[in-house]
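Visitor: fold the following and give me the result.
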Amino acid sequence: MALMRSGWLWRQTSVLKRWKLNWCDLWIDGSLCFYKTDSRREFEHRISLKTACVDVRSGLECGEVTPPETNPRDNLVVIQLRGGSTVNLCANSEDESIAWKLTLLETRRNPVFTYDPYDDSYEVIPINNYHTVYIRPGVGPGTHQVVVQRDPFDGVMENVALGLLAGMAAGTAMRSFLWMPFFFC
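Guide: The predicted model follows:
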């Protein structure tokens, strides 16, 4: 599995709201892993961005989050999770926080990759407007494997919300039609 980004980030604990320094690894499958040290021996926490992440904000977009005492607000990165909870992170610089935000958003998107086992490399394949991928077999040296990762619940909530709205509109219209005969009596 390919590592997208790694480095030291401050992470705010969920209960006591204290800031602690963690080594973070962001993997290509959307796993954001937190460790106590950069040796990756003492695992602390893991978040699956493909299933849990709703939005990523950085800098002044982070609202009421207070950064650690030595860092400005521009270094903040906030990950909005399903269910309303957040993961508050703080980088060492504004550029690093923007780089983390962009990498987190890129990892969350459900991309399609080809994997070349001979070079041990991944290549992103663009998806067209019809959600179709075209791959020519036998291009380049070696065999290519296609890795498609898609969130099974992608777009479900939009359909539920649209169905509820349509049901409410239909119910309101039918209710007004049912009272109409009484107005003509």
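
Visitor: show residues contacting stretch 60-68.
Guide: 10, 12, 19, 57, 73-78, 86, 88, 90 (Cβ atoms under 8 Å, 6 or more residues apart in numbering). C-beta coordinates here come from the backbone N, C-alpha and C atoms, glycine included.

Visitor: switch to 10 Å and redo it
Guide: Stretch 60-68 is contacted by residues 10, 12, 17-21, 55, 57, 73-78, 86, 88-91, 97, 101 when judged by Cβ atoms under 10 Å, 6 or more residues apart in numbering.

Visitor: which parts of it are buried?
Guide: C62, V65, P67 (16 or more other Cβ atoms under 10 Å).

Visitor: also stretch 40-52?
Guide: I47, L49, K50, A52.

Visitor: all strands for the protein, in order.
Guide: 3-12, 19-27, 31-35, 43-48, 53-58, 76-81, 86-90, 112-116, 121-125, 145-148 (DSSP state E).

Visitor: so which of those strands is nearest L164?
Guide: For L164, the closest of the strands of the chain is strand 53-58, at 19.2 Å, according to Cβ to Cβ.

Visitor: isn't N88 up against R73?
Guide: No. Between N88 and R73 there is no contact under Cβ atoms under 10 Å: 11.7 Å.

Visitor: more neighbours, the two?
Guide: A count of neighbours by other Cβ atoms under 10 Å puts N88 above the other of N88 and R73, at 19 against 16.

Visitor: for the more buried one, which non-adjacent residue is spatially closest?
Guide: Counting by Cβ to Cβ, 6 or more residues apart in numbering, Q12 is the residue found nearest to N88 once chain neighbours are left out, at 3.9 Å.

Visitor: can you read off the pLDDT for that neighbour?
Guide: According to the prediction, Q12 has pLDDT 88.

Visitor: over to T143?
Guide: For T143, the pLDDT comes out at 51.

Visitor: swap in L165?
Guide: 80.

Visitor: same deal with G84?
Guide: 86.

Visitor: hmm, it is touching A52, no?
Guide: No. The criterion here is Cβ under 10 Å, and G84 misses it with A52 at 11.6 Å.

Visitor: identify whichever of the strands of the chain lies nearest to A170.
Guide: Counting by Cβ to Cβ, A170 lies closest to strand 53-58 out of the strands of the chain; the figure is 29.4 Å.

Visitor: what's the angle between that closest one and strand 86-90?
Guide: 30 degrees (axes from the mean of the first three to the mean of the last three Cα atoms, to 10 degrees).
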